[in-house]
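J.: here is my input, please return the structure:
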Amino acid sequence: VMAKNGNTFYLQLSRKIFADCYRNLSRDAKWLYVVLNELEHRYTGKDENFFYRSNEDLAKDAQMSPSTLKKYKKELIESGLIEHWLGHFVGSDGKKSEKKCSFYRIL
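T.: Take a look at the predicted model:
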């Protein structure tokens with residue numbers, strides 16, 4: 001899979017997580033932010049600025065339990081670093097998925 005900026009070896013990460021206003025974010029929330037940035041680079045392109053991931057897959061990606069993931073995802077949402085919403089994935093055939101997916105946008 002081609003990365004968003006065409007580079008498969010490096011991850012572009014905003015330095016804002018090091019700003020004083022995010023100093024109180026937990027280390028695990030910051031790690032989840034890094035993982036979400038990696039996924040954003042992997043699964044978005046010039047035409048899309050959001051991606052979807054199941055909670056089960058994201059927990060595996062971040063090496064967290066589902067309950068731990070929920071805690072740190074909430075921390076990132078409340079901090080204003082990410083946007084999260086639930087919705088249906090629409091396939092190439094135009095059909096909606098039966099289950100809702102978690103969508104993410106890095107802000």
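
J.: C-alpha only now, for contacts and for neighbours.
T.: Fine.

J.: okay, now the unreliable bits of this structure?
T.: 1-8 (pLDDT under 70).

J.: middle-most residue in it, spatially?
T.: By Cα atoms, centre = their mean, the mean C-alpha position of the chain lies nearest to residue 36, the distance being 3.2 Å.

J.: before we move on, which element is residue 105 in?
T.: For residue 105, the host element (DSSP states H and E) is strand 96-106.

J.: who does that strand pair up with?
T.: strand 51-53 (antiparallel), strand 82-90 (antiparallel) (DSSP bridges).

J.: residue 100 is nearest to which of those strands?
T.: Between residue 100 and these, the shortest gap by Cα to Cα is with strand 82-90, which sits at 4.7 Å.

J.: which SS state does the residue of the chain most remote from its centre fall under?
T.: The C-alpha centroid of the chain is most remote from residue 93, which lies 25.5 Å away (Cα atoms, centre = their mean). Here residue 93 takes the coil state, with states given by DSSP: H, G, I helix; E, B strand; the rest coil.

J.: cool, and residue 77?
T.: Residue 77 - assigned by three-state DSSP - is helix.

J.: isn't it right up against residue 70?
T.: No - here residue 77 does not reach residue 70: they are 10.5 Å apart, not a contact under Cα atoms under 8 Å.

J.: picking up where we left off before, three-state assignment of the residue nearest to the centre of the chain?
T.: Residue 36 ends up helix, using three-state DSSP.

J.: check contacts around it.
T.: residue 106 (Cα atoms under 8 Å, 6 or more residues apart in numbering).

J.: what's the neighbour count on residue 99?
T.: 10 (other Cα atoms under 10 Å).

J.: I appreciate the help and will end here.
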